[in-house]
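> Requesting a structural model of the entry that follows:
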Amino acid sequence: MTGRLIKRIAGILVRRRNLIAGIMLALTVACAVLIPFVPIHTDMTEYLPFDSQMKQGIDILAEEFPEMENVYSGAGGNA
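Model (predicted):
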């Protein structure tokens, strides 16, 4: 049963290869067009729970050393 199913699927893939290639190409183009609309979050602290010790520690560091805030938030920069 499994062997017949695999051969049937393989046959469909071979017969419809141009259709499958066209669909994959269309999906690839759609993904490439939508890339600029994907938001990028550089502040990794957004993913921490508000009450986590790590978040609280980063907040304290940001208060004590405001010139280094970009480093703590994950935004990068040369501080």
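
> buried residues in the host helix or strand of Gly57?
Using DSSP states H and E, Gly57 sits in helix 53-64. For helix 53-64, a neighbour-count test (16 or more other CB atoms under 10 Å) marks 58, 62 as buried. C-betas here are computed from N, CA, C, even on glycine.

> Which segments of the chain make up each domain?
Domains of the chain are assigned by automatic domain parsing as 2-37, 44-73.

> now the longest helix belonging to the chain: how far from the chain's centre is it?
Assignment by DSSP state H gives helix 17-34 as the longest helix of the chain. Distance of helix 17-34 from its chain centroid, counting by CA atoms, centre = their mean, to the nearest Å, is 19 Å.

> what's in contact with it?
Leu13 (CB atoms under 8 Å, 6 or more residues apart in numbering).

> Do me a favour and average the pLDDT over that helix.
Averaged over helix 17-34, pLDDT sits at 97.

> again, but for stretch 49-69
On average, stretch 49-69 scores 81.

> Make 790 the first number, not 1, from now on.
Shifting the count to begin at 790 puts that one at stretch 838-858.

> got the CA positions of it in PDB?
Provided in PDB are the C-alpha atoms of stretch 838-858 (Å, rounded to 0.1, in the frame of the first residue of the first chain):
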ATOM      1  CA  PRO A 838       7.900  39.400  30.400                       C
ATOM      2  CA  PHE A 839       7.500  42.800  32.200                       C
ATOM      3  CA  ASP A 840       8.100  41.200  35.600                       C
ATOM      4  CA  SER A 841      11.200  39.200  34.700                       C
ATOM      5  CA  GLN A 842      14.400  39.800  36.600                       C
ATOM      6  CA  MET A 843      16.300  40.200  33.400                       C
ATOM      7  CA  LYS A 844      14.000  43.000  32.200                       C
ATOM      8  CA  GLN A 845      14.200  44.700  35.600                       C
ATOM      9  CA  GLY A 846      18.000  44.500  35.600                       C
ATOM     10  CA  ILE A 847      18.200  46.000  32.100                       C
ATOM     11  CA  ASP A 848      15.900  48.800  33.200                       C
ATOM     12  CA  ILE A 849      18.200  49.500  36.200                       C
ATOM     13  CA  LEU A 850      21.200  49.600  33.900                       C
ATOM     14  CA  ALA A 851      19.500  51.900  31.500                       C
ATOM     15  CA  GLU A 852      18.700  54.300  34.400                       C
ATOM     16  CA  GLU A 853      22.200  54.200  35.800                       C
ATOM     17  CA  PHE A 854      24.000  54.400  32.500                       C
ATOM     18  CA  PRO A 855      21.700  56.300  30.100                       C
ATOM     19  CA  GLU A 856      24.500  56.800  27.500                       C
ATOM     20  CA  MET A 857      24.600  53.000  27.100                       C
ATOM     21  CA  GLU A 858      20.900  52.500  26.600                       C
END
